[in-house]
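> need coordinates for the following:
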Amino acid sequence: MAKIIDIIDKPDLDKARSRVRQEIPVVRDEIVVPERLREYAFGRRYFIRTYGCQANVRDEEHMRGYLELAGFTSVQEEALADLVIINTCAIRENAEDKVFGELGLLKTLKTQKPDMIIAVAGCMVQQTHIVDKITQVYRHVDLMFGTHNIHHILELLDEVYEKRVRIVNVPSKYGEIIENMPTKRTHRYKAFVNIMCGCDKVCTYCIVPYTRGKERSRHLPDIIQECKQLVDEGYQEITLVGQNVNSYGKDFKDGTDFAQLLQAVAETGIPRLRFMTSHPWDFTDAMIDTIAKYDNIMKHIHLPFQAGDDMVLRLMARRYTVASYTDLVRRMRERIPNLTLTTDIIVGFPNETEEQFQGTLALVKEIAFDACYTFIYSPRKGTPAFKMIDNVTLEEKQDR
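The predicted structure is shown next:
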């Protein structure tokens, strides 16, 4: 007999699109482990598989923190677990296909272990059509929660265990900053530190602004406190993480910016400092000078350009031109000796001509990147580009 579905909240694209100005709350709630869940977690084990970017990895570390606070212990194989969480990515169709493939395999395991709880979290379930598909096709999935309510994971699990129902709780909203989240880091000497959440760039091909909400920055003292603690614990490398770290502090409207944050973290004494990812549109001279000034800031910048043609960049809503991108690189290399520069490239964007693609190749040769991560354009339902007519064949895209 199929379990009852309790739909507490479902993703809503209209809510996810909203950028109406409002105050961004900072939540510092005390963490309370439900006693019933603590009793259930004793002796039980969990497994988390994460797909996607550094932000997803950081989300996993918070999930681990909550679960171990409740008393669960980690294992390295799904078959050994009593709780399996698939932490998902929505940036490309290939990432979603992998998740559906894994969910299919987990059905057999669930048959063998009917008391196992299977949860799906992350960016992928912030899309209505994905939630509907998992609800209807993958009926062995017990819980879906999104990027905005990781801090409620213990309450959600407590409800799943108590009611023995399938729960969907995936809110779409403006977003908030959650502090005091427990964490179980996945590496002993390297640490990711979130400096902000969400994105307001709204590139036409990208689903992230809808899955992670509005840009919202953590307050600088909270970030510095976390970094100092990592230094005290012996960590050797920190990577500052945001969908677009260059935008850090803009929502404060008090002059706080990413260059100031970089300097403050560099002065904590961390041996190696990195950041990921930057947008070419708002990479300031102050940032360049700060990177050049501090020896412990690694001289590596990941600077996606996506396409080497101004018309394609306009269709992508990237907000810069080929000329402004090359000028930015010139200024970086003038001021930062031994700079390592990497990039992202999308090929086969709707209606990209062969001549426009040749512009991308020309830019790659001119800049001489140290590494390029190249991707075939992946249509994302709900993005502006999804509605564009695409006359580039799959064969042409693969060739490019």
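> report the longest strand in the protein, please.
In the chain, taking DSSP state E as the definition, the longest strand is strand 340-347.
> hmm, who's touching that strand?
205, 299-307, 316, 329, 332-333, 357, 360, 364, 367, 369-377, 397, 400 (CB atoms under 8 Å, 6 or more residues apart in numbering). Bear in mind the C-beta positions are built from the backbone N, C-alpha and C, glycine included.
> try it again with 6 Å
300-306, 369-377, 397, 400 (CB atoms under 6 Å, 6 or more residues apart in numbering).
> now the helices for the stretch 51-200 of the chain?
54-70, 93-112, 128-137, 153-163 (DSSP state H, counting those that start in this stretch).
> let's have these in JSON lines, adding distance to residue 191, mean neighbour count and mean pLDDT.
Shown next, in JSON lines, are the helices of the stretch 51-200 of the chain (distance: least, CB to CB, whole Å; neighbours: other CB atoms under 10 Å; pLDDT from 0 to 100):
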{"stretch": "helix 54-70", "distance to residue 191": "9", "mean neighbour count": "21", "mean pLDDT": "97"}
{"stretch": "helix 93-112", "distance to residue 191": "24", "mean neighbour count": "15", "mean pLDDT": "95"}
{"stretch": "helix 128-137", "distance to residue 191": "30", "mean neighbour count": "15", "mean pLDDT": "96"}
{"stretch": "helix 153-163", "distance to residue 191": "21", "mean neighbour count": "19", "mean pLDDT": "96"}
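> who wins for proximity to residue 389 among these?
Nearest to residue 389, of all these, is helix 93-112, at 18.5 Å by CB to CB.
> ok, and the closest non-adjacent residue to residue 347?
In space, residue 347 comes closest to residue 400 once its chain neighbours are excluded; the distance is 4.1 Å by CB to CB, 6 or more residues apart in numbering.
> I meant to write residue 107 there.
Nearest non-adjacent residue to residue 107, counting by CB to CB, 6+ apart: residue 140, 5.0 Å away.
> equivalent analysis for residue 243, please.
That would be residue 199: by CB to CB, 6+ apart, it lies 3.9 Å from residue 243.
> where does the one you found land on pLDDT?
On pLDDT, residue 199 comes in at 94.
> got a list of what it touches?
Contacts of residue 199 by CB under 6 Å, 6+ apart are 208-209, 215, 243-244.
> one more: residue 42?
Contacts of residue 42 by CB under 6 Å, 6+ apart are residue 71.
> so that it lines up with my notes, have the first residue be 668 from now on.
Got it, the first residue is 668 from now on, which makes the last one we talked about residue 709.
> and the gap between it and residue 740?
As judged by CB to CB, to the nearest Å, residue 709 and residue 740 stand 10 Å apart.
> give the buried residues for stretch 843-863.
Residues of stretch 843-863 classed as buried by neighbour count (16 or more other CB atoms under 10 Å): 843-845, 848-850, 852, 858-863.
> let's have the residues you listed in TSV, adding pLDDT and distance to residue 919.
Listed next are the buried residues of stretch 843-863 as TSV, based on pLDDT from 0 to 100; distance: CB to CB, whole Å:
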residue	pLDDT	distance to residue 919
843	92	15
844	95	12
845	95	17
848	95	21
849	96	26
850	97	24
852	96	27
858	98	24
859	98	22
860	98	18
861	97	16
862	98	12
863	96	11
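> just send those residues back as TSV, with distance to residue 900 too.
Output for the buried residues of stretch 843-863, formatted as TSV (distance: CB to CB, whole Å):
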residue	distance to residue 900
843	27
844	23
845	21
848	17
849	15
850	12
852	9
858	9
859	14
860	13
861	17
862	19
863	23
